[in-house]
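K.L.:
need a 3D model of the sequence below.
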Amino acid sequence: MTDELTDGYHRFRQNRWPSERAEYEALVHGQKPHTLVVACSDSRADPALIFDTAPGELFVVRNVANLVPPYEPDGKLHGVSAALEFGVNVLQVKRIVVMGHAYCGGVNAMLNGSPANCQDFVAPWVEQAAPTVRRVVEDFPADQVERVAEETVVRLSIDNLRTFPWIAEREAAGDLVLSGLHFGIADGILSKLTGAKRFERLD
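P.N.:
Numbering: from 1, shown residues only. Have a look, this model is predicted:
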């Protein structure tokens with residue numbers, strides 16, 4: 001374990017554990033998160049920090065470029081889909097949030113290609129969204145392409161969520177809400193998808 005992790009653990013035990021111990025002890029009996037968050041693995045966009053949540057509140061699924069693949073129960077390995085199935089069908093979350101962010105390396109790979117040393121897994125992973133992203137950004141000036149591409153991935157992931165029958169059924173029944181967000185790393189601002197093509201700043 002690195003010194004950074006050890007030091008962080010010691011700060012946790014000294015500063016947070018005493019006040020949050022009762023919460024952790026209660027969580028031994030099970031979790032009941034209210035929200036499932038699909039977010040990017042990027043170290044700069046941590047949902048627990050951004051939403052200032054306590055342990056047990058969020059069920060978080062993180063991957064390159066906050067992608068949700070379409071429903072495909074083919075017996076192969078689907079980590080994101082497995083997490084969705086557990087979060088929706090077992091934990092019965094009330095909300096699914098897809099959160100993209102600024103300066104996303106995965107989205108950049110969709111636009112410009114993956115690094116040469118990331119061809120085994122990253123390249124095929126981001127390629128599932130690349131055609132849609134490239135098509136959408138064709139209509140925008142260069143200075144808007146990056147943000148538009150990041151927002152497009154959020155919308156695509158939400159569309160793919162609705163291909164899962166048990167998500168679509170719960171949404172139709174009013175038992176599950178799907179929403180999209182974009183986090184600005186430089187300014188710390190969250191924007192929310194309010195329509196088919198609009199993200200508006202949350203105040």
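
K.L.:
where does the protein dip in pLDDT?
P.N.:
1, 196 (pLDDT under 70).

K.L.:
in it, which residue is most central in space?
P.N.:
residue 39 (1.7 Å; Cα atoms, centre = their mean).

K.L.:
quick check: which element contains it?
P.N.:
strand 35-40 (DSSP states H and E).

K.L.:
give the pairing partners of that strand; include direction for each.
P.N.:
strand 58-63 (parallel), strand 95-101 (parallel) (DSSP bridges).

K.L.:
and those, which is most packed in?
P.N.:
Mean neighbours per residue, mean count of other Cβ atoms under 10 Å, is largest over these for strand 95-101, with a mean of 24. The way it works is simple: take the backbone N, C-alpha and C, and place the C-beta from them, glycine included.

K.L.:
buried residues in the longest helix seen in the chain?
P.N.:
Counting residues, the longest helix found in the chain (DSSP state H) is helix 142-161. Within helix 142-161, the residues scored as buried using 16 or more other Cβ atoms under 10 Å are 145-158, 160-161.

K.L.:
cool, stretch 47-60 as well?
P.N.:
For stretch 47-60, using 16+ other Cβ under 10 Å, the buried residues are 47, 50, 53, 57, 58, 59, 60.

K.L.:
closest one to residue 198 out of those residues, please.
P.N.:
residue 50 (20.8 Å; Cβ to Cβ).

K.L.:
can you map out the helices along this protein?
P.N.:
3-11, 17-27, 47-50, 79-85, 105-112, 122-127, 130-137, 142-161, 165-172.

K.L.:
does anything pack onto the fourth one? Which helices or strands?
P.N.:
Okay, so that is helix 79-85. strand 35-40, strand 58-63 (3 or more Cβ pairs under 8 Å, 6 or more residues apart in numbering; DSSP states H and E).

K.L.:
of all those strands, which lies closest to residue 135?
P.N.:
Of the helices and strands packed on helix 79-85, the one closest to residue 135 (Cβ to Cβ) turns out to be strand 35-40, at 21.5 Å.

K.L.:
next, the angle from that closest one to helix 142-161.
P.N.:
Between strand 35-40 and helix 142-161, the angle comes out at 140 degrees (axes from the mean of the first three to the mean of the last three Cα atoms, to 10 degrees).

K.L.:
include distance to residue 177 when you put the strands paired with strand 35-40 into JSON lines, please.
P.N.:
Formatted as JSON lines, the strands paired with strand 35-40 follow (distance: least, Cβ to Cβ, whole Å):
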{"stretch": "strand 58-63", "distance to residue 177": "15"}
{"stretch": "strand 95-101", "distance to residue 177": "5"}
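
K.L.:
out of those, which gets nearest to residue 191?
P.N.:
strand 95-101 (9.5 Å).

K.L.:
how far away from the center of its chain is the closest one?
P.N.:
Chain-centre distance of strand 95-101: 5 Å, with Cα atoms, centre = their mean, to the nearest Å.

K.L.:
contacts for that strand, please.
P.N.:
Here strand 95-101 makes contact (Cβ atoms under 8 Å, 6 or more residues apart in numbering) with 34-40, 42, 44-45, 47, 50, 65-66, 68, 84, 87-88, 107, 150-151, 153-154, 157-158, 161, 167, 176-185.
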